[in-house]
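Asks: output the structure for:
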Amino acid sequence: MRHSIMLVSATFLWASFIHEKESGSSLERTVQRFVEAFNQRDSDAMAELVADDVTWLNVSGQEVVVQVTGRRELVTSMNVYFDSCPTCRSELSEIITTPGRVSAVEIASWQGESGSMSQRSISVYEFSQGMIQRVYYFPAEIL
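Replies: Numbering: from 1, shown residues only. Below is the predicted model:
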């Protein structure tokens, strides 16, 4: 009887671990799809991955500035950004996933007047019901 309880407990813990790992990879895939849509300059595809009331926040020192609130504002903001920087691209590096968040070092690159440019920033994507609810973006560092 005691072995049965231990076996059931071990099976439950393993199943919980696998579910959490699969959930984490699902969140990571969503962020990867979001960045791929960004690289394709497809603001509508980006919008499909966020909650209706998504919030994009820029964190700098002790200040947190709301950059975008809402799916439609995200689309408008991204379209303006794409027009201003047609060569901008982003890639994810050093990804860490928890049950409700994905954080990564994002490496942005673009063609500047003096040639190829790049910078990195830490981003945190917070999820609610499988959708990106908030994006926290920390100050960029030029590479």
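
Asks: neighbours around Phe127, how many?
Replies: 21 (other C-beta atoms under 10 Å). To be clear about C-beta, it is placed using only N, CA and C from the backbone, and glycine gets the same treatment.

Asks: didn't it look like it was pressed against Gln133?
Replies: Yes. The criterion here is C-beta atoms under 8 Å, and Phe127 meets it with Gln133 at 6.0 Å.

Asks: what are the boundaries of the helices in this protein?
Replies: 2-39, 43-47, 71-84 (DSSP state H).

Asks: pLDDT weak spots in this protein?
Replies: Along the chain, segments meeting pLDDT under 70 span 1-24.

Asks: longest strand in it, please.
Replies: Taking DSSP state E as the criterion, the chain has its longest strand at strand 115-128.

Asks: next, the distance between the ends of stretch 59-67.
Replies: Taking C-alpha to C-alpha, to the nearest Å as the measure, stretch 59-67 stretches 10 Å from start to finish.

Asks: can you list the strands that the longest strand of the chain pairs with?
Replies: strand 101-112 (antiparallel), strand 131-137 (antiparallel), strand 141-142 (antiparallel) (DSSP bridges).
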